[in-house]
Each structure stands twice: as C-alpha cells, then as structure tokens.
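Visitor: sequence plus the predicted model coming up.
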Amino acid sequence: MKVRQPAFDFSTIRPHWAPVREFAQSYNAFSTVPAHIEPYLVKVMMRVKDTLGEKHSALRDNIEIFNKQEVQHCKQHVAFNKMLYRSGYAGMQALEKPYRDDYASFLANRSLRFNVAYCEGFEAMGSAAGQVFFEELEEYLEGADQAAVDLWKWHLAEEFEHREVCFQAYKALYGGGPFAYLYRVWAFIFAVKHIGTHTARVAAYLNDVDREAMTPEQREESIARQKALKGKISQASRKRLLKVLSPFYDPGKMVPSPGMAALLARFG
Ligand SMILES: [Fe+2]
Ligand SMILES: [Fe+2]
C-alpha cells in the first residue's frame, strides 16, 4: 500500500465520456460519493486511531496510508465533478447537500461502532466495485475517454488495495463474535441502501437533463440502455456483495483482478 498522486487532466473531458452515455452518467453519479464520503472516512479512521492508542501499530500505519489515499481520491473526484457542474448539470449540487449532511450527522450523533461499521460497509462495496470495473465492463469502456477510465481504475484499484483496513479496524475494536458479525452485516446493508438511494437520485437527474433534448424514440432507447447497464452492473455486483454477508467474509483473501497491479504501477 502506498500513496500515489496522479495528475489527471480533466480540461477536455466531456460528461458523456463513454460511447453509452447512460453508462457515463451512472459513473458520474457514483463520482459524487467519494466527494462526500471520503472526508468522512478520514475523520472516522482518525477517531479509530486515537481509540487504538499505542496498540495495533501495523494497523495504525495502514490507517495513515488509507487516509492519504482517500484524500487523493476525493480531490480528483471533486475536480471531475466541477466539470459536470460547469457542463449543464449544476442542479446535481442540490441533491448532494442532504447526502453530505447525513455524514455530518453520523459523526455528530452516532456511535463510533456505527461509523466504523458503515465505513467497512462502504469499503466492501468499493472492493467489489473494483472487481466489477476491471473484470466486467469491457463492452462499456471500449472507446471511452482515457482520463475518466484512468480516474476510475486508479481509484478502484486503490480501493481494492486498501480493502482490509476498515475491516481490521472494526475487528480490532469490536472483535469477531456473533454480535460484531451481525452488526457488521446490518451496517453493510444500511450503507448499500443509503449510498444506492443517493446515486440513483443523481443518475435520474443527469439522465433527465439529457432526455429533455431527446425525441420520444430516443428517450425510449435511452431508458432501454439504462435498464440494460443497470442489469449488467447489478448482476456483476450481487454475486460479489453476497459474500460480504458471510460470517467467514475476509477481504484480505480476495484476489486482485488482472490489470490492477499494472495500472497502479503506472501511477507510481
Ligand atoms: Fe477512495
Ligand atoms: Fe477506500
């Protein structure tokens, strides 16, 4: 695990950066997640580090790198999202506000156990999303803008790289007993619903803006493409996410996708 600082150039990128524009808009909606969740992850993991005290020095070192990676991800996605705001989708910011406020509320009102379990839920989604992006989306990525593909591949490969940190933090603080397991699974389902509701809302907005300029036939085709890619991503994700529900789930045992190591080597 290490910190990388890629210098992406989003100056010429367009919101429809992939041949299937609904695919691009889905990932554009996903791009709002790191802008708000990653500063929250860093704050939660700093609290974890304080709570661990002098113990677990290897885990504390990993939390340091984890936090620095998340800061870089957030920075790059915020730059990417500004391109979306400038390109006719400024209205998405109003949808991001309640989502951002939820994290402030979690930090202020919820227990450390809740916050660590929620973070682990998100991290489990992230490592599965990495495998899906590297292994299942070739048909959508062919002919796509390299800067956007590289942003996602770099981010998701690092998500995969640091996939164990929150899991280990949760285990160090709350153990591996039956209650810890059940609570982890509950928080994972909570995170999937919370994040999924937000991204669906943003994707609907982005597609609605695009569809305003479409004929009724084009609209129907667009809806059909969105349905097809949703089915593809859901199916690819479901089989991976089901493993998170197992009491034997161990992200450390997951096998990196072909291409992840080579991609990361390109960025330092
Ligand atoms: Fe990240
Ligand atoms: Fe992460």
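Guide: In hand now; what should we look at? Numbering: from 1, shown residues only. Ligands and ions are numbered 1, 2, ... in the order given.

Visitor: contact residues of the chain facing ligand 1?
Guide: Glu70, His73 (Cβ under 5 Å from the ion). (Each C-beta comes from the backbone N, C-alpha and C, glycine too.)

Visitor: what about the spatially most central residue of the chain, which SS state?
Guide: The centroid of the chain falls nearest to Gly126 when counting by Cα atoms, centre = their mean (4.9 Å). Following DSSP: H, G, I helix; E, B strand; the rest coil, we place Gly126 in the helix state.

Visitor: does it touch Leu156 like I think?
Guide: Yes - between Gly126 and Leu156 there is a contact at 7.0 Å, judged by Cβ atoms under 8 Å.

Visitor: mind checking how far the spatially closest residue to Asp210 that is not a sequence neighbour is from Ser237?
Guide: Distances taken as Cβ to Cβ, 6 or more residues apart in numbering place Arg21 nearest to Asp210, at 6.5 Å, with adjacent residues excluded. According to Cβ to Cβ, to the nearest Å, Arg21 stands 21 Å off from Ser237.

Visitor: just Leu84 next, same as before
Guide: 23 Å.

Visitor: in terms of neighbours, single out the busier of those two.
Guide: Leu84 (23 against 17; other Cβ atoms under 10 Å).

Visitor: contacting residues for that one?
Guide: Pro15, Asn28, Ser31, Met92, Leu206 (Cβ atoms under 8 Å, 6 or more residues apart in numbering).

Visitor: what's the burial count for the third one?
Guide: The number of residues packed near Ser31 is 23, by other Cβ under 10 Å.

Visitor: do the same with the fourth one
Guide: Met92 has 20 neighbours, counted by other Cβ under 10 Å.

Visitor: element containing the residue in the chain positioned nearest to ligand 1, please.
Guide: Closest to ligand 1 within the chain is His73: 3.5 Å, counting by Cβ to the ion. Taking DSSP states H and E as the definition, His73 sits inside helix 57-84.

Visitor: before we move on, back to that, tell me which of the contacts of Leu84 fall in strands.
Guide: Among the contacts of Leu84, no member falls in strands (criterion: DSSP state E).

Visitor: narrow those to those in helices?
Guide: Residues of those located in helices (DSSP state H): Asn28, Met92, Leu206.

Visitor: relative to Met254, which of the residues you listed is nearest.
Guide: Lowest distance from Met254 to the ones in helices among the contacts of Leu84 (Cβ to Cβ) belongs to Asn28, with 26.9 Å.

Visitor: dump the residue contacts of the closest residue in space to Phe23 that isn't next to it in sequence.
Guide: The shortest distance from Phe23 to any residue other than its chain neighbours is 4.5 Å, reached at Tyr140 (Cβ to Cβ, 6+ apart). By Cβ under 8 Å, 6+ apart, the residues touching Tyr140 are Ala18, Pro19, Val20, Phe23, Leu229.

Visitor: can you give me the buried ones in the helix or strand harbouring Tyr140?
Guide: Using DSSP H and E, the element containing Tyr140 is helix 138-141. Buried residues in helix 138-141, counted by 16 or more other Cβ atoms under 10 Å: Tyr140, Leu141.

Visitor: tell me the mean pLDDT for it?
Guide: What helix 138-141 shows for mean pLDDT is 96.

Visitor: name the nearest residue to the residue nearest to the centre of the chain, sequence neighbours excluded.
Guide: Closest to Gly126 by Cβ to Cβ, 6+ apart is Glu159, at 3.7 Å.

Visitor: my read: the one you found touches Gly130, true?
Guide: Yes - look at Glu159 against Gly130 with Cβ under 8 Å: they come within range, at 5.2 Å.

Visitor: neighbour count for the two, which is higher?
Guide: Gly130 (25 against 22).

Visitor: and Tyr249, what does it touch?
Guide: With Cβ under 8 Å, 6+ apart, Tyr249 has these contacts: Ala124, Lys243.
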